[in-house]
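Asker: what follows is a predicted protein model with its sequence.
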Amino acid sequence: MSAVRIVVDLLAGRRDADSLAPRDWEGVIGVARAEAMLATLAYRLGQDELPPPVAALFADQRAAAEVAQGQALWEAEMARRALKGQRIEFVLLKGTAYAAAGLSCSAGRQIGDLDILVLHSDVGRAENELLEAGWEWVKSDPYDDAYYRDHMHELPPLIHKARDRMIDVHHTILPQTHRITPDALALMSDAVTTAGGFAVLCPADMAVHCAAHMLADGDLQGGLRNLWDFHCLTRDFAAADPGYWGQLDGRADTHGLRAAVHRAARLARDLYGSELPSGWNRHDPADSWYRRRLLARDDWGRSTDFALQQAFYIRSHWLRMPPAMLARHLWTKWRKGN
């Protein structure tokens, strides 16, 4: 069995750690690291009997993940302080939101940038306040700056000059040129507040955004981690609320993302063993391409199936913008060498 399949089976609980031969661990660690899931796996196998070197590595990963989550939440607090003066409300997104809400998918999850969602009408004020508070532009190229402002769902990325931490300020969850237009006002107005006082998306919207980020706005790079997020979110929310799947279905319709949410659910079922309710369990032959893309790694953790990767890369851009705009954008980026 391939290492990536073993990693998926370990996460899904279909395989025990003690069934692995010593030679299997190198591939498992390589794949998990490549998918940014090494600390996630460390938490998942935290109670298992492991070879001493693996146990030591996993202990280090868990400790590092705790430090990283503390840093991410501190960065969220810094953003709150920076925007408080102008009373600019924001909603945490992605990894920092999971950590702030204490969700199970946050255990061991790597958190990179701080992602926040603000009302479109507040974007300009938020930008000014963050610049005043020490953030500065990452991208200085005029074309990139204009592209973000005119077409994307977020400002150009900012980085804090003292803390070296990036922030992405979103005003919706898909590019403005995307064929799907989520209801950004509904995302903001129906957000919920965590015990720590941060706003996060409501449970249904959180899973919708996760599916959108993975399937409607990306090429599935890092897809196994995003799919694990979706699996954990839907499993835990459904366990707490028997009506959750119906709410998720309705909310996905609200945002025009029903196809992406249902595909994410089927992929989570196929790979991580998610239990789906009636109406969600249909078979879609196209899912096999997505599964193949998600599992495209060799036993060293290196990406494989270059042609399929390129096809999904082209698909992600095709979804983001009309053909003529896409052609101009790719031509411009090629001429600029990036």
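Answerer: Yep, it's here. Residues are numbered from 1 along each chain as shown.

Asker: where does this structure have low pLDDT?
Answerer: When residues are selected by pLDDT under 70, those of the chain lie in 322-327, 329-338.

Asker: ranges for the strands of it?
Answerer: For the chain, the strands defined by DSSP state E cover 91-93, 114-117, 135-137, 158-160, 166-170, 192-193, 199-200.

Asker: tell me which of the ones you listed sits nearest to residue 238.
Answerer: strand 192-193 (16.7 Å; Cβ to Cβ). No exception for glycine: its C-beta is placed from N, CA and C like everyone else's.

Asker: now for the nearest residue to residue 217 once chain neighbours are set aside, how many residues are close by?
Answerer: Sequence neighbours aside, residue 174 is the residue nearest to residue 217 in space, at 5.5 Å (criterion: Cβ to Cβ, 6 or more residues apart in numbering). The local packing of residue 174 (other Cβ atoms under 10 Å) involves 25 other residues.

Asker: how close does residue 174 get to residue 279?
Answerer: 25 Å (Cβ to Cβ, to the nearest Å).

Asker: go on, residue 309?
Answerer: To residue 279, residue 309 is 32 Å away according to Cβ to Cβ.

Asker: higher neighbour count, these two?
Answerer: Shown here are residue 309 and residue 279; by other Cβ under 10 Å, residue 309 has more neighbours (16 against 10).

Asker: surely the more buried one is in contact with residue 223?
Answerer: No. Look at residue 309 against residue 223 with Cβ atoms under 8 Å: they stay out of range, at 11.1 Å.

Asker: count the neighbours of the residue nearest to residue 35 when sequence neighbours are not counted for me.
Answerer: Distances taken as Cβ to Cβ, 6+ apart place residue 224 nearest to residue 35, at 4.8 Å, with adjacent residues excluded. By other Cβ under 10 Å, 26 other residues sit near residue 224.

Asker: do residue 303 as well
Answerer: By other Cβ under 10 Å, the residues close to residue 303 number 12.

Asker: and it, bridged to which residues?
Answerer: residue 297 (DSSP bridges).

Asker: who touches it in this structure?
Answerer: Shown in contact with residue 303 (Cβ atoms under 8 Å, 6 or more residues apart in numbering): 34, 296-297, 309.

Asker: now swap in residue 2 and tell me
Answerer: Counting by Cβ under 8 Å, 6+ apart, residue 2 touches 27, 295, 297-299.

Asker: switch to 7 Å and redo it
Answerer: residue 299 (Cβ atoms under 7 Å, 6 or more residues apart in numbering).

Asker: gap between it and residue 65?
Answerer: Distance, residue 2 to residue 65, by Cβ to Cβ: 26 Å.

Asker: cool, and residue 129?
Answerer: Distance of residue 129 to residue 65, given as Cβ to Cβ: 30 Å.

Asker: ok, the residue nearest to residue 217 touching residue 215?
Answerer: No. In this structure residue 174 lies outside contact range of residue 215 using Cβ atoms under 7 Å: 11.0 Å.

Asker: about what we covered before: looking at the strands of the chain, which is closest to residue 271?
Answerer: strand 91-93 (23.6 Å).
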